[in-house]
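>>> any chance you can model this:
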Amino acid sequence: MKLMQIVGRTAGVGVALLLCGCAVGPDYVRPDASAPTRWQAPVPHDGKPADLVDWWKQFDDPTIAELIEAAEHDSPTLAQALARIEQSRAGVTAARSALFPSVDGNASRTKSGNHPVTFEQTITRGSLDAAWEIDLFGGNRRGSEAAQARFEGSQAAWHDARISLASEVALEYVNLRSCEARFADAVNDVASRRASAQLTRQKVGAGFAAPSDGSLAQASASEGATRMLALQVECGLSVKSLVALTGLAEPELRQKLAVREGRLPQPASLAVDELPVRIVSARPDVAAAERALAAASADIGVAEADRYPRLSLLGSIGRQHQTVDGVEASGRVWSFGPTLSLPIFDAGRRAANADAARARYDEALAGYRAAVRRAVREVEQSFVRLADAAEREAEARSAADRYDEVFKAAEERWRVGLGSQLDLEDTRRLAIAARSQHVGVRAENIAAWIGLYRAAGGGWSAETEPTKATKAN
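Next comes the predicted model:
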């Protein structure tokens, strides 16, 4: 209690010294984002900006949301990001503690003797020791600012990891559905080729077709089987990727996937703000880079403050019991006073640390500007991919339908002996390429929407906390 009274009486002096002190180093000001004033590519205007929150739930296929939810519950990446949040949260507490006094309890018991003179003593002591560094030049305050900025940056990084994970799962799911659609087409194509090869063998046996036609038909059947097997492997690899992303057992995953096999999901559209700077500010990766910049700025103040004198108040109060050759004595012991540390010579170490802190700030500033440019680039690229997307898909569908009609007509002429085997196979290849292109265009358009969802920030806001479900893991 006595120690607390001493600290209390000196607290006013310490606070006065603290207020009189100045925080060295730059006061952080968020730099200009340097984003363009308008988008250069056409901006989609359908949909609502609010739909960007949990955008993966806006598909017409609920399987996507189920897989992303499973991935969030079992993601090592999110678990690492959450652990970094807890580390930085503890760092904030540790940094702020430097602004307050510290009190420790100590107890000791020592025995000593002196030979050849008969002399023996025992000292038993207990005390409360307090120390308080007066933050004259703001080094501890800057350290607290840096810790807080890193904590906020770690939260933004968690959201960026979550949005990236959702995008990766959604893209892999679209790739799988695209592969399944092409595989189903390949299965039908192989059946058609094999039927053509069988009929051609019969024609060759009856003398109505040349042996070369039989060889061409058989080669065509083998070619179709090779394509089908390659797609089967591609689809299997996509399933394995989804197993790794979601953490689901493969039998359970395949059961979920079987519901809408070969059907590509349809994404929801959204309206995009016409001001690039607002899109940039809505991205968690840009926010994380900006918070890293703020922390680097505060670190300069920490390094600069280390070049100046340090003033601390030290105090101790306790009781001591001493026995010397059987003679006992007890009493109260205490001490109190300031300690001043003056940096005199360190061979340039402190100055070098300050220079290094400034260089780290310059590095963080370059990283922030790179993040802004990357954000603008990704949004612009998504706009380009989405431009005239519906028209491209309509043209690809029309081409696939027309080539199918041409192939059916060529096949009919070949059956009645009016067309050649070579013409049949040429039209078959054109029809297959057109159908594959149509599926590819649809998948590209869906991927472009997913890219835009992510590029526009994925519905992140600084007030959103990590989900409790993820915290539990």
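
>>> how far away is Val169 from Arg182?
Separation of Val169 from Arg182 (C-beta to C-beta, to the nearest Å): 21 Å. Backbone N, C-alpha and C define where each C-beta goes, glycine included.

>>> same question, Glu234
Distance from Glu234 to Arg182, by C-beta to C-beta: 8 Å.

>>> of those two, which one has the most company?
Neighbours per residue (other C-beta atoms under 10 Å) separate Glu234 from Arg182, with Arg182 holding more: 24 against 16.

>>> and that one, its phi and psi?
phi -70, psi -30 (degrees, to the nearest 10).

>>> hmm, it is touching Val439, no?
Yes - between Arg182 and Val439 there is a contact under C-beta atoms under 8 Å: 5.6 Å.

>>> so which residue is smack in the middle of the protein?
Taking C-alpha atoms, centre = their mean, the centroid of the chain lies closest to Ala161, which sits 2.1 Å from it.

>>> neighbours of the nearest residue to that one once chain neighbours are set aside, how many?
Ranked by C-beta to C-beta, 6 or more residues apart in numbering and with sequence neighbours excluded, the top spatial neighbour of Ala161 is Ala81, at 4.5 Å. Ala81: 22 surrounding residues under other C-beta under 10 Å.

>>> ok, Ala81 touching Gly153?
No - at 11.1 Å, Ala81 and Gly153 do not qualify as touching, with contact defined as C-beta under 8 Å.

>>> just to revisit the earlier point, name the secondary structure element that contains the residue nearest to the centre of the chain.
helix 139-206 (DSSP states H and E).

>>> before we move on, what about Arg109?
strand 102-114.

>>> beyond that strand, next helix or strand please.
Criterion used, DSSP H and E; the element after strand 102-114 is strand 119-134.

>>> what distance separates that following strand from the centre of its chain?
51 Å (C-alpha atoms, centre = their mean, to the nearest Å).

>>> tell me the angle it makes with strand 102-114.
160 degrees (axes from the mean of the first three to the mean of the last three C-alpha atoms, to 10 degrees).

>>> before we move on, back to that, for the helix holding Ala161, give the mean pLDDT please.
Mean pLDDT, helix 139-206: 88.

>>> pull out the buried residues from the helix or strand just after that helix.
The C-terminal neighbour of helix 139-206 among helices and strands, as given by DSSP H and E, is helix 211-246. Buried positions in helix 211-246, judged by neighbour count with 16 or more other C-beta atoms under 10 Å: 213-214, 216-218, 220-221, 223-224, 227-228, 231, 234-235, 238-239, 241-242, 245-246.

>>> ok, back up a step: just list what the helix holding Ala161 packs against, helices and strands only.
Judged by 3 or more C-beta pairs under 8 Å, 6 or more residues apart in numbering; DSSP states H and E, helix 139-206 is in contact with helix 62-73, helix 76-97, helix 211-246, helix 284-305, helix 389-415, helix 421-455.

>>> one more time with 7 Å
helix 62-73, helix 76-97, helix 211-246, helix 284-305, helix 421-455 (3 or more C-beta pairs under 7 Å, 6 or more residues apart in numbering; DSSP states H and E).

>>> nearest approach to Leu52 belongs to which of the ones you listed?
Among those, helix 421-455 comes nearest to Leu52, with 6.4 Å by C-beta to C-beta.

>>> name the residues of that closest one that are buried.
By neighbour count on 16+ other C-beta under 10 Å, the buried set for helix 421-455 is 421, 424-425, 427-428, 430-432, 434-439, 441-455.

>>> how close does Val187 get to Gly224?
Val187 is 9 Å from Gly224, by C-beta to C-beta.

>>> next one: Gly326
108 Å.

>>> about what we covered before: how about the residue nearest to Ala161, what does it touch?
157-158, 161 (C-beta atoms under 7 Å, 6 or more residues apart in numbering).

>>> can you give me the strands for the stretch 251-400 of the chain?
With DSSP state E, counting those that start in this stretch as the criterion, the stretch 251-400 of the chain has strands at 310-324, 327-341.
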